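Engineer: Quick one, structure for this:
(chains A, B, C and D)
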Protein chains: 2
Amino acid sequence: MPTIYQVAERAGVSLSTVSRVLNGKASVNKALKERVEEAIKELNYRPNAVARSLANNRTDSVGVLIPKRNASVFSETLQALECTLRKAHKHVVIAMGDPGIEAEKEAVEFLVSRNCDALIIDSETLSDEYLVNLNQTTLPTVLLDRHIEEIPDACFTFNNEKGGYLATRHLLELGHKSIAYLSGPVSKAAAGSRLTGHKRALLEAGLTVNPQLIFNGDASENDGERGLLELMARDLPFSALVCASNGMASGAIGCARDLGMRLPHDLSIVGYDDMLIAHHLHPKLTAVHHSRADMAAIAATYILNKVYGQTHHIQPSFEPSLVVRESTLEFAN
Amino acid sequence: MPTIYQVAERAGVSLSTVSRVLNGKASVNKALKERVEEAIKELNYRPNAVARSLANNRTDSVGVLIPKRNASVFSETLQALECTLRKAHKHVVIAMGDPGIEAEKEAVEFLVSRNCDALIIDSETLSDEYLVNLNQTTLPTVLLDRHIEEIPDACFTFNNEKGGYLATRHLLELGHKSIAYLSGPVSKAAAGSRLTGHKRALLEAGLTVNPQLIFNGDASENDGERGLLELMARDLPFSALVCASNGMASGAIGCARDLGMRLPHDLSIVGYDDMLIAHHLHPKLTAVHHSRADMAAIAATYILNKVYGQTHHIQPSFEPSLVVRESTLEFAN
DNA sequence: CCAGGCTTAGAAAGCGGTTTCTTAACTGAG
DNA sequence: CTCAGTTAAGAAACCGCTTTCTAAGCCTGG
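Structural biologist: Next comes the predicted model:
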């Protein structure tokens, strides 16, 4: 690998001049500039990124921490981040937290020790305090799908309340009056908001919220099955079901089928968020959609602006929408 | 951030001594060593990875190129790579090729320009010649799911022939005699091998290979549907179908259902490779499975040995296996 | 008791860039 | 024509660490 020194030698100039040509910050004589550029081509020279980083105190790399969650969440997010950042010549260093707070802290440490310029974190586990501290004292950090009071600018979240609202309103518009709900863990803000939206839709429609129609699970496929069984055991008839995650929807659908129900005729089901699952289930699942890709791209752009002094326009718009597929049907008596 | 110099000062030694303590390569006086370690703790010192890289001419980073293919392939591979490499304190820099040879070359360039120590590439697009040259003249490179004659050691592939064989043999064992086959693009080695395996199973069972029962598609869901329709139009009865990709299996299942067929009673279907889809389809899809995670982990370990002089034992065993779910049934005349 | 061999610590030279500082040359105004 | 004021190129310091080189100190054996 040729160095800047060899380029200078070949062009008959000092290495400062070569550097100036490379960075274009200071003016250099046109003739010299051309000689340098020629030398660069002839030697097939490429500046050493490491040396540059050392001198600049900047690595042009962004650390990304995504837990080993389900495949589609993971890859959609990462693909969008990588794409946005690479266009700006930043690279993505990745760490995948094993579940567990210690493992995730270690992953963050790992990223920090690699001298990333910024961090993008998607974690439910790490504490507010830790993240605020990280952001304020160590590295600029943005959070995906999470909100923390102290650092609102650094947080990017979906409008889960609206998502829950949309799901339920869709069913209401189809004429359903008795709508059950499989909730994710309400200790998590996202699950709580979705449920809030569900309730708002009911109230707006003049209906009452019946806690007997709400099941609290952990968002897993397994709990989808358990939830449906338990709701049915409560002996309160319902013609539609909102699942706050597509994993639960998948479990519920399988369970319903095992029970001999015909879908969507006997039960309309709305799911949430995982488009890959939604597409492959049968019936194809009507579900609330929000674009993790959009969120990721915006978060990455925010970093570009904040850390690298770029000036992209950001329009933080990633509202949920409802994608109607085949799992919901008009209420027929 | 404290530097090694400040540590030296505080410990009252030279920075060479601190360096030696850090790297443990040369012996240092026990008392001094303790003083240094104390100073490190007190200052909360962490060596600067960039400076270290510059001095060592080594970044401890491995570039990974994975095309933006389907989510589960992507994330399974990446998760395994990251996990294996991080345990060895190497980090993963990621680039995602947009489809297209130029975009992928650019992505490789990007990784090379970041001074990665090695490359792990999963690409169907890049030419043999380019990859051989890359491996031999630029950076140690390993290839995932691809075989190139000139650099056999650097290639890690699945036994697709065996996979195709297993799929078909399963159906034969269930008593099926007339088995249709939806193939991926035979120009790709993997698809060709699977088909070869399929044929071998037929021949072994004393059956003949009927080209009328083979459809060549592009592995997409869409072509699964097209394929099934075309095969049925050929008016040659078949009781079972092998799909060389789960995408096609998904398309075929949807199509079969639209045609009013009952699965698996009217048609047994075997799929290939994507466990996520296989799980969520209905009926749950019996499919050939091979572990991309295993392959990725082994490839990463190979890099660890070759580039970083480690000495892990490698046992390159990732044979395909058949996961029987619900989409295949005994042939009942 | 002293020469020779080892061990160990410090000084200094890189690694490959960026940037400040210096100086030489050139500009234009008085 | 001279002198202050710019401009542009080179010299050198620096980023933080590793490693070679040098030399000091110790031990051992003759």
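
Engineer: Now the phi/psi pair for residue A:319, please.
Structural biologist: The phi and psi values for residue A:319, taken as degrees, to the nearest 10, are phi -80, psi 150.

Engineer: May I ask which helix or strand encompasses the residue of the stretch 201-333 of chain A found nearest DNA strand D?
Structural biologist: The minimum distance from the stretch 201-333 of chain A to DNA strand D, using Cβ to the nearest atom of the strand, falls at residue A:307 (18.1 Å). Any C-beta I mention is one placed from the backbone N, CA and C, and that applies to glycine too. For residue A:307, the host element (DSSP states H and E) is helix A:292-308.

Engineer: outside of that helix, which residues touch it?
Structural biologist: The contact list for helix A:292-308 (Cβ atoms under 8 Å, 6 or more residues apart in numbering or on different chains) reads A:60, A:62, A:73, A:76-81, A:83-85, A:88, A:90, A:117-118, A:120, A:140, A:142, A:144-145, A:156, A:158, A:310-312, A:314-318.

Engineer: Quick check on the residues you listed: which are buried?
Structural biologist: For the contacts of helix A:292-308, a burial check counting by 16 or more other Cβ atoms under 10 Å in any protein chain shown picks out A:60, A:62, A:73, A:76-81, A:83-85, A:88, A:90, A:117-118, A:120, A:140, A:142, A:144-145, A:156, A:158, A:318.

Engineer: before we move on, the earlier item: can you tell me if the helix holding residue A:307 touches DNA strand C.
Structural biologist: No. Using Cβ under 7 Å from any atom of the strand, helix A:292-308 stays clear of DNA strand C, with a minimum separation of 13.5 Å.

Engineer: quick one: that helix to chain centroid distance?
Structural biologist: In terms of Cα atoms, centre = their mean, to the nearest Å, the centre of helix A:292-308 is set 11 Å apart from its chain centre.

Engineer: again, but for stretch A:113-122
Structural biologist: Its chain's average C-alpha position is 16 Å from that of stretch A:113-122, according to Cα atoms, centre = their mean.

Engineer: For the stretch 151-300 of chain A, just list every one of the strands.
Structural biologist: A:155-156, A:179-183, A:214-216, A:240-243, A:268-272, A:286-289 (DSSP state E, counting those that start in this stretch).

Engineer: picking that back up, give me the number of residues near the residue of the stretch 201-333 of chain A closest to DNA strand D?
Structural biologist: As a burial measure, residue A:307 scores 18 neighbours (other Cβ atoms under 10 Å in any protein chain shown).

Engineer: If we ignore the residues flanking it in sequence, what's nearest it?
Structural biologist: residue A:118 (4.7 Å; Cβ to Cβ, 6 or more residues apart in numbering or on different chains).

Engineer: so how far is residue A:151 from the one you found?
Structural biologist: To residue A:151, residue A:118 is 14 Å away according to Cβ to Cβ, to the nearest Å.

Engineer: Show me where the stretch 1-150 of chain A has its helices.
Structural biologist: A:4-11, A:15-23, A:30-43, A:49-56, A:71-87, A:101-113, A:128-133 (DSSP state H, counting those that start in this stretch).

Engineer: same for the fifth one, what does it pack against?
Structural biologist: In this structure, helix A:71-87 makes packing contacts with strand A:61-65, strand A:91-95, helix A:275-280, helix A:292-308, helix B:71-87, strand B:91-95, judged by 3 or more Cβ pairs under 8 Å, 6 or more residues apart in numbering or on different chains; DSSP states H and E.

Engineer: Would you format those as CSV with distance to residue A:173 and mean pLDDT included?
Structural biologist: Conversion of these to CSV gives the following (distance: least, Cβ to Cβ, whole Å; pLDDT from 0 to 100):
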stretch, distance to residue A:173, mean pLDDT
strand A:61-65, 39, 97
strand A:91-95, 42, 95
helix A:275-280, 19, 92
helix A:292-308, 26, 96
helix B:71-87, 31, 91
strand B:91-95, 43, 95
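
Engineer: And these: which comes nearest residue A:322?
Structural biologist: Set against residue A:322 and scored by Cβ to Cβ, the helices and strands packed on helix A:71-87 come closest in helix A:275-280, at 11.4 Å.

Engineer: So is that closest one next to chain B?
Structural biologist: Yes. Residues of helix A:275-280 contacting chain B under Cβ under 8 Å from any Cβ of the partner chain: A:276, A:277, A:280.

Engineer: quick one, what contacts the last one?
Structural biologist: Put plainly, it is residue A:280. B:250, B:277, B:280, B:281.

Engineer: how about a markdown table for those residues, with distance to residue A:110 added?
Structural biologist: Below are the contacts of residue A:280 laid out as a markdown table (distance: Cβ to Cβ, whole Å):
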| residue | distance to residue A:110 |
| --- | --- |
| B:250 | 38 |
| B:277 | 32 |
| B:280 | 33 |
| B:281 | 38 |
